[in-house]
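In: Structure here, sequence nowhere to be found:
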């Protein structure tokens, strides 16, 4: 099972975290340009792509429902740019199963209360993950991409729920896992 998690930055000049998850083996990288992101996804041919960015705009029910977790609405200043980029990338990747996720919500629901990336890495290692999580110091963007990929993997296993409605939804881990 190949899953890609993307912690998308609003602008191509800022780092975007990418995680390629093969079962429990993690590969991460930081990319910038849309073409790099799209090329990586096309090369890996994942079963699902989980993107932490709004994939629609406007006033969204899913944002309201997840407000308690700190999810910012898609129409919030600064989020519009991120939403536009997310929608553009999702349209380009529409031949894949693309879902919107929130690393922040996944972090809270799965008990990753640690703020420092190294502490999250240690917890991931304790959970049996391998690869880059063991061999290199990960950036916050890479950590969030891992959390996105884990949500995507859980979704494939039927262990998530969709918050929102048909057109505007965020996939989150089912806390009853």
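Out: Nice, I can see it. As the structure is a computational prediction, the values presented were derived from the model and not from experiment. Residues are numbered from 1 along each chain as shown.
In: Excluding covalently adjacent residues, which one is nearest to the residue nearest the centre of the chain?
Out: Closest residue to the average C-alpha location of the chain: residue 148 at 2.8 Å, with C-alpha atoms, centre = their mean. The shortest distance from residue 148 to any non-neighbouring residue, by C-beta to C-beta, 6 or more residues apart in numbering, is to residue 5 (3.1 Å). C-beta: built from backbone N, CA, C; applies to glycine.
In: What pLDDT does the model give residue 117?
Out: What the model reports as pLDDT for residue 117 is 87.
In: Ignore what I typed, I meant residue 75.
Out: 77.
In: Beyond the one helix or strand in the chain whose mean pLDDT sits lowest, next helix or strand please.
Out: Counting by mean pLDDT, DSSP states H and E, the chain has its least confident helix or strand at helix 61-65, which shows a mean of 90. Downstream of helix 61-65, the next assigned helix or strand under DSSP states H and E is helix 79-92.
In: Go through stretch 111-122 and flag the buried ones.
Out: For stretch 111-122, burial by neighbour count (16 or more other C-beta atoms under 10 Å) applies to 112, 117, 120-121.
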